[in-house]
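>>> Fold the following, please.
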Amino acid sequence: MRQEELKQFIADIEPLNLEVAKQMETYLDGLTKPVGSLGKLEQLMIQLAGVQGTMDIKTKPCATVIMCSDNGVCDQGVSSCPQEVTATVTYNFTRGITGVNKLSQFAGSDIHIVDIGVKADFKHPLIHNRKIAYGTQDMSIQSAMTYEQAMEAIEVGIEETNKLIENGYEIFGTGEMGIGNTTTSAAITAALLKLDVEEVTGKGSGAKDQVFNSKINAIKKAFQVNQPDPNDPIDVLAKVGGYDLAGLVGVYLAAAHGKKVVVIDGFIAAAAALVAYKLCPTVKDYMVASHLSKEVGMQKLLMEIGLEPHLNLEMRLGEGSGCPILFNLIEMAKYTLLGMGTFEDAGVDKSNYMHIWK
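Numbering: from 1, shown residues only. Here you go, the predicted structure:
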């Protein structure tokens, strides 16, 4: 995808339909409950109505797109897990035994596995081979990828999401697998928010102090070597990001372009969401933050985008694990709010209660 094509794709993303969103809000205010008393459940329905441009909201089927890739910065000892775990877990997604598998099975949602840069080859029909390279370069020595590779990875995310939209999927989640990607996510967050590395870098999958210090040092070296430009989100993505993150940027953009809600998982998915938001602020209209990850930079990311997490479960698994939980919450909101009776149904004069139920 050329830059001009991406700019046009972004320019075609429309804001949500405020007229239909207001219609939904008015309808919800007429239900037999205090106005706004179901809080974020009501907000979800209002957002969905505005996104889909209809009161006849569709919440099924749902799919979490899982971008899988390795990161060259692992050579700097930034993770307690060996890099081979990326390939192992990517394959295990096909076996139905991972956290996101079980949560998705419970929620009745699907996963869509994309190999966008794993340092291994797979021959499995459930793993979509869109490999750009066998992992990124070590960002502490050189740019993690070229600008062109970052653009290609965004295009992969767009294309894979568009395929799912064509197949009738209504709501999307964002997942990832890639040892070392809390390091790349912290780097992107620090660069785009112009914050000190220490403010946004956590211990990821349980890193000990020595590994954690290596993580901090690797990001600082990457900034010195590459000088990422905070005014160019793709430059930041290319220099200190990863293929998995770039692919997720494409998922966010394509979901918004196709007028579909897209759920953010944790810190890594939120870092990709920040890049998408910096490229196109309108994308925020289509985003839903699932939970508040325990990673230290998560809250700063969501505050910058202007989103609040719906849950705080002290989760830090990744994989897209927060998304099926939110799919369930969305389904519950729809079942409840579009199934409740109105004041008219209940034979109650709403005006008699407004002084109490404000």
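>>> Quick check, central residue of this protein?
For the chain, the residue nearest the mean C-alpha position is Ile264 (3.1 Å; C-alpha atoms, centre = their mean).
>>> Write down the beta-bridge partners of that residue, one by one.
Applying DSSP bridges to Ile264 gives these bridge partners: Ala289.
>>> quick one: Asn71 and Lys300, what's the gap?
The gap separating Asn71 from Lys300 is 22 Å, by C-beta to C-beta, to the nearest Å. (Each C-beta comes from the backbone N, C-alpha and C, glycine too.)
>>> Report the contact partners of the residue nearest to the centre of the chain.
Under the criterion of C-beta atoms under 8 Å, 6 or more residues apart in numbering, the contact list for Ile264 reads 174, 270, 273, 287-290, 307, 322.
>>> Of these, just the buried ones, PyMOL syntax please.
Only the buried members of the contacts of Ile264 enter the following PyMOL selection, criterion being 16 or more other C-beta atoms under 10 Å:
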select buried, resi 174+270+273+287+288+289+290+307+322
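>>> Which member of the contacts of Ile264 is positioned nearest Ile216?
Ala270 (19.8 Å; C-beta to C-beta).
>>> How far away from the center of its chain is the least confident helix or strand in the chain by mean pLDDT?
Each helix and strand of the chain was given a mean pLDDT (mean pLDDT, DSSP states H and E); the minimum falls on helix 343-346 at a mean of 79. Computed by C-alpha atoms, centre = their mean, to the nearest Å, the separation of helix 343-346 from the middle of its chain amounts to 39 Å.
>>> Please identify the buried residues of it?
In helix 343-346, residues buried by neighbour count (16+ other C-beta under 10 Å) are Phe343.
>>> any idea how the protein splits into domains?
Segmentation of the chain into domains, based on automatic domain parsing, reads 3-56+337-352, 62-326.
>>> Please identify the most buried of those.
Most buried of the domains of the chain by mean neighbour count (mean count of other C-beta atoms under 10 Å) is domain 62-326; its value is a mean of 22.
>>> give me the low-pLDDT residue ranges for the stretch 101-250 of the chain?
Low-confidence segments of the stretch 101-250 of the chain, defined by pLDDT under 70, span residues 204-207.
>>> now the strands for it?
In the stretch 101-250 of the chain, the segments counted as strands under DSSP state E, counting those that start in this stretch are 110-117, 127-129, 171-177.
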